[in-house]
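*Asks:* Just need the structure, nothing else, for what follows:
(2 chains)
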Amino acid sequence: MSDIRLENITKRYKDNIALDDLSIQVKDREFFVLLGPTGAGKTTTLRVIAGLEKQESGGVFFDGAPVDMLQPADRDVAFVFQQYSLYPTLSVYDNLAFPLRSPLRKTPESVIKQRVNSVAEILRISHLLERKTARLSGGEMQRVSIGRAIVREPRAFLMDEPLSNLDAKLRESLRVELKHIQKTQGSTSVFVTHDQIEALTMADRIAVLHEGKLLQLGTPHDIYDRPATAYVATLVGTPRINLLNAERVNGALRIQHSPLEVPTPAADTPDHVLLGVRPEDIRISSDGAFVGTVVLTEPLGVETILHVKSGDQTLLSVVPGASPVRLNEEVRFGFARERLHYFGTDGARL
Amino acid sequence: MATIELKQVEKKFADSFAVQPLDLTIHDGEFIVLLGPSGCGKTTTLRMISGLEAVTTGNIYLDGRDVTWAHPSDRDIAFVFQFFALYSHMSARQNIAFPLQAQRESRDQIARKVAEVAKMLKIEHLLDQKPGSLSGGDQQRVALARALVRRPAAFLMDEPLGALDAEFRESMRAEIKQLHIRQEATTVYVTHDQIEAMAMGDRIVIMSKAVVQQVGTPADVYHNPANLFVARFIGSPGMNLIEGKYVDGRVTLPGGSAFTLPNEYNAALSAALNDSDGKIILGFRPEAVRMNGDGDISARVYADDLHGGYTMLHFELDDGVIVHGRAGRDANYPIGTQLKFGIDPAMVRFFHPVSERAIFANGAGV
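*Replies:* I've put the predicted structure just below:
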């Protein structure tokens, strides 16, 4: 396993800039997630690491050594794609054994057997080894794809949205499996996704990309608790963070179109700010400072989303379990003051 | 406004059931969700209500009138599909007005109704644009406006948010529900997304393999699932299900830890389990897991993950079963840590291992 460093990578497709002077370092044994919307440059980054794309400028280093002159096959990384690329007429066993049987490697069959069996056990597919892959379910196929990547112990795993074609329940369970495997095997992994839940739940660190630029790099806690921009704040968390336009009036921040206001956080707070309040930081309580009307309740079982209207602002609040609050009921609420986020009008965190 | 009644409605394609005989009464003004995985029969049920699909046997009543064999256009029902199905050469305004023109309403009336519905959906400023220049969310708003404009007796919606990305889906889901609250039109809504179903439904009809598994409020299906399918399907992740053995008021779990049952269950369980050799399935939600140290179920931390507002812990029991537990956002349990956890006894549910049905304290459900 290796650490991977990208230094000042720029990549263009004709006139479009896909990666704009991107520098990141993935540590050895780290689960590193590239998060962003379509077109952010996530997959391009992965392909540059693999050598499937050539950057215009900048360098890629594995364990400090440049790999730019190496062909993809010589970089010793394993790719897992969204679409499983299995051989349908081969058994699961032969699909798993395939990378080891490469003439370049000359691995003895006894070693292959041992590796395949151990990988099958890790992925809980031992009972499927004799089956043709065409006869597997989607989740089983993706397990085999992952198995084929980990069977040969490459320097790093590069995974491009490997879970996004699966249904919600399978995605949930494979997410947990992948994380467990990565942590117990200590494999360096770079994982691309546009799904914020995947990023938060699996990553050691997340790089948030947008239009080829790095917006923020940090642990899931960093990204969620201290988003660098208002955009990053909206990218993680469901339901989405409440973003409210506020202006400074007499030492307070007054939230537009509402009677809500909070103290100005600092002497140098600008006149106009965007106030960010995560739904779980809006507390419904009889001693809350604010008053609002519940215009919608969404009971999700484990928690309830309340849509609370105050003036012309509708705020989303999440409360645990079932909420006794009824539609059109007036409630008092407050903000968890220490967990508020302030952004300038340019979106940057203050 | 309308009451919709399905009596012993079934649908067969060749020899196989798409929908097994189904009884359902949808009350006037109710928002009902048909929920299940693909192929469960939910869309077929919706299409039979609309008349786009003929029933094999059974009857459908709209406000007491038998419409089983009525043409779709004679049912006064509006259909909203997953795909926007807008006319690309017409403006949003013309698209919305189209159903009214088909009904030969006057020009003034059409203009008034279109303006009204556009205001409600906040798309007034988009009326002169063509669908191609609108975002996915706005296209779906126009499609909704077109369904709403004719004030039908009922709305049928087939995964209307399925094609939208996650963030739009969440806000559109709230908009549709608020619209429903304002209009109180009977709505039948099909989805495979259990979160959408919980958030929107007054009641949820859960289907699997052509059979209705449970009909209930979101709280019912979440807290008192009728069987293992519902227990697994509702919730993310679903209910934890572990097999144990029931002996004299106690359930022994794999690995030897034991769990004392709430008293009121004893009679029901002894009666229910005499044919299962004492085997029983325990079900509990991740939020029923207690980490305060005095639990008696031993486990190893398998993975832990931050979800923003909370942490989900995954434990491996001695027999390899994975159990999920919800903890605070700052919970920190490294993978491999050995620990013991408890379960809030009031939140445990029981299921028969063979019939897979819930066993309730009063003996119902078996």
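*Asks:* Could you identify the helix or strand that succeeds the longest helix anywhere in chain A?
*Replies:* Across chain A, the longest stretch assigned as helix under DSSP state H is helix A:168-185. Sequence-wise, the next helix or strand beyond helix A:168-185 is strand A:189-193, with elements assigned using DSSP states H and E.
*Asks:* Quick check: which element contains B:Thr25?
*Replies:* Using DSSP H and E, B:Thr25 maps to strand B:16-26.
*Asks:* what does A:Leu214 give?
*Replies:* Under the assignment here (DSSP H and E), A:Leu214 is part of strand A:213-218.
*Asks:* Who are the packing partners of that strand?
*Replies:* With contacts taken as 3 or more C-beta pairs under 8 Å, 6 or more residues apart in numbering or on different chains; DSSP states H and E, strand A:213-218 sits against strand A:16-26, strand A:205-210, helix A:230-235. To be clear about C-beta, it is placed using only N, CA and C from the backbone, and glycine gets the same treatment.
*Asks:* winner for burial among the ones you listed?
*Replies:* strand A:205-210 (a mean of 24; mean count of other C-beta atoms under 10 Å in any protein chain shown).
*Asks:* what packs against that one?
*Replies:* Other helices and strands packing on strand A:205-210, by 3+ C-beta pairs under 8 Å, 6+ apart, are strand A:31-35, strand A:213-218, helix A:220-225, helix A:230-235.
*Asks:* helix/strand/coil for the residue positioned nearest the centre of chain A?
*Replies:* For chain A, the residue whose C-alpha lies nearest the mean C-alpha position (C-alpha atoms, centre = their mean) is A:Ala199; its distance is 2.0 Å. On the three-state scheme (DSSP: H, G, I helix; E, B strand; the rest coil), A:Ala199 is labelled helix.
*Asks:* Quick one: end-to-end length of stretch B:334-345, please.
*Replies:* Across its full length, stretch B:334-345 reaches 27 Å end to end, with C-alpha to C-alpha, to the nearest Å as the criterion.
*Asks:* is chain A contacted by it?
*Replies:* Yes. On the criterion C-beta under 8 Å from any C-beta of the partner chain, stretch B:334-345 is in touch with chain A at B:Ile335, B:Gly336.
*Asks:* For whatever helix or strand A:Ser110 lives in, give me every contacting residue.
*Replies:* Following DSSP H and E, the helix or strand that holds A:Ser110 is helix A:109-122. For helix A:109-122, the surrounding residues in contact (C-beta atoms under 8 Å, 6 or more residues apart in numbering or on different chains) are A:92-93, A:96-97, A:100-101, A:107, A:126, A:128-129, A:147, A:150-152, A:181, A:185.
*Asks:* What subset of those is buried?
*Replies:* Neighbour counting with 16 or more other C-beta atoms under 10 Å in any protein chain shown marks A:Val92, A:Tyr93, A:Leu96, A:Ala97, A:Leu100, A:Leu128, A:Leu129, A:Gly147, A:Ile150, A:Val151, A:Arg152, A:Ile181 as buried within the contacts of helix A:109-122.
*Asks:* what lines up beside the strand holding B:Thr25 in the sheet?
*Replies:* The pairing partners recorded for strand B:16-26 under DSSP bridges are strand B:4-13 (antiparallel).
*Asks:* The partner strand - what's its average pLDDT?
*Replies:* Per-residue pLDDT values over strand B:4-13 give a mean of 96.
*Asks:* What are the buried residues along that strand?
*Replies:* For strand B:4-13, the neighbour count (16+ other C-beta under 10 Å) marks B:Ile4, B:Glu5, B:Leu6, B:Val9, B:Glu10, B:Lys11 as buried.
*Asks:* need the contact list for the fifth one.
*Replies:* Put plainly, it is B:Glu10. When contacts are counted by C-beta under 8 Å, 6+ apart, B:Glu10 is found next to B:Phe17, B:Val19, B:Gln20, B:Pro21, B:Leu22, B:Val55, B:Thr56, B:Thr57, B:Gly58.
*Asks:* and the nearest residue to it once chain neighbours are set aside, how many residues sit next to it?
*Replies:* With C-beta to C-beta, 6 or more residues apart in numbering or on different chains as the measure, B:Pro21 is the residue that lies nearest to B:Glu10, at 4.5 Å, once sequence neighbours are left out. By the measure other C-beta atoms under 10 Å in any protein chain shown, the count of residues near B:Pro21 is 17.
*Asks:* Surely B:Glu30 is in contact with B:Thr187?
*Replies:* Yes. The criterion here is C-beta atoms under 8 Å, and B:Glu30 meets it with B:Thr187 at 7.5 Å.
*Asks:* Which one of these two is surrounded by more residues?
*Replies:* Comparing B:Glu30 with B:Thr187 by other C-beta under 10 Å, the one with more neighbours is B:Thr187, at 25 against 20.
*Asks:* how about that one, secondary structure?
*Replies:* In three-state terms, and counting by three-state DSSP, B:Thr187 is strand.
*Asks:* those helices in chain A, which residues are they?
*Replies:* For chain A, the helices identified by DSSP H occupy A:42-50, A:92-97, A:109-122, A:138-150, A:168-185, A:196-202, A:220-225, A:230-235, in order along the chain.
*Asks:* Mean confidence (pLDDT) on the fifth one, please.
*Replies:* Within the predicted structure, the mean pLDDT of helix A:168-185 is 87.
*Asks:* does any bit of it sit next to chain B?
*Replies:* Yes. Figure legend: helix A:168-185 in contact with chain B (C-beta under 8 Å from any C-beta); contacting residues A:Ala168, A:Lys169, A:Glu172, A:Ser173, A:Arg175, A:Val176, A:Lys179, A:His180, A:Lys183, A:Thr184.
*Asks:* And the first one, by the same measure?
*Replies:* No. For helix A:42-50, no contact with chain B is found by C-beta under 8 Å from any C-beta; the gap never falls below 15.4 Å.
*Asks:* Over to residue 40: give its phi and psi.
*Replies:* Went with chain A since none was named. When quoted as degrees, to the nearest 10, the phi and psi of A:Ala40 stand at phi -80, psi -20.
*Asks:* Chain B is the one I meant
*Replies:* Reported as degrees, to the nearest 10, the phi and psi values for B:Cys40 are phi -80, psi -10.
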